[in-house]
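Participant: Take a look and give me a structure for this.
(one chain, ligands or ions: 2)
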Amino acid sequence: MPHWSHLLRDVPGFPRPGIVFKDITPVLADAAAFAAAVEAMATPWREAPPVAFVGIESRGFIFAAALAQRLGTGFVPVRKPGKLPAHTLHHDYALEYGRDRIEIHVDAVPPGAPVVLVDDVLATGGTLLAALALLRAQGADVLGAAVLVELSALDARARWPQGVPLHAALRA
Ligand SMILES: O=P(O)(O)OC[C@H]1O[C@H](OP(=O)(O)OP(=O)(O)O)[C@H](O)[C@@H]1O
Ligand SMILES: Nc1ncnc2[nH]cnc12
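Facilitator: Ligands and ions are numbered 1, 2, ... in the order given. As a prediction, this is how the structure comes out:
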């Protein structure tokens, strides 16, 4: 287990009864833990970095932006509906507790550009799968995905396509 794993906080009953929320804010607040977490997420992509890390709103932004700075790449946001100002593509999906649509600017990623998807938590996998479909529909070359925490019990990996690397800094 990474040395910062104790800073991941379980919050039972948030945002709804029955959900145990993985709160990453204590990891972010600790300089050494945040740096180590970003380094762990960066390691698989260091040899051959993508053109951009694609962060999923909102907690995914934190790690995608940090990875982009660390490896000298661009950052592209995938956002909730109605937030992006220019022409967008969208994809609908189901989540452990809500939201059902993500959007990206149609011109955010050049055709064939290698990108890596980034989020903080992988739960059911619905969000990351939706992002994969969205980026592929846009013509991007999705090298893989990086998440801080994978909730193994929900078995999102079973739904994730084989051959697309999915790296988690921590499995909980
Ligand atoms: O694997 P899944 O079941 O799809 O769940 C994971 C998603 O849920 C959380 O986002 P949330 O909707 O809470 O948004 P936030 O980042 O703005 O808090 C998390 O940041 C992931 O994006
Ligand atoms: N249990 C959970 N904790 C934190 N973020 C989540 N996103 C989806 N499920 C989650």
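Participant: For ligand 2, what's the nearest residue on this structure?
Facilitator: A123 (3.3 Å; Cβ to the nearest ligand atom). From N, CA and C alone the C-beta is placed, and that goes for glycine too.
Participant: Excluding chain neighbours, what is closest to A32?
Facilitator: W4 (7.5 Å; Cβ to Cβ, 6 or more residues apart in numbering).
Participant: Test my guess that that neighbour contacts E39.
Facilitator: No. With contact defined as Cβ atoms under 8 Å, W4 does not reach E39; the gap is 10.6 Å.
Participant: out of these two, which sits in the busier spot?
Facilitator: W4 (20 against 15; other Cβ atoms under 10 Å).
Participant: Now do the contacts for the more buried one.
Facilitator: Listed by Cβ atoms under 8 Å, 6 or more residues apart in numbering, the contact set of W4 reads 27, 30, 32-33, 36-37.
Participant: can you redo the residues you listed as TSV with neighbour count?
Facilitator: Below are these laid out as TSV (neighbours: other Cβ atoms under 10 Å):
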residue	neighbour count
V27	26
D30	14
A32	10
A33	20
A36	16
A37	26
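Participant: Sweet, I'm off.
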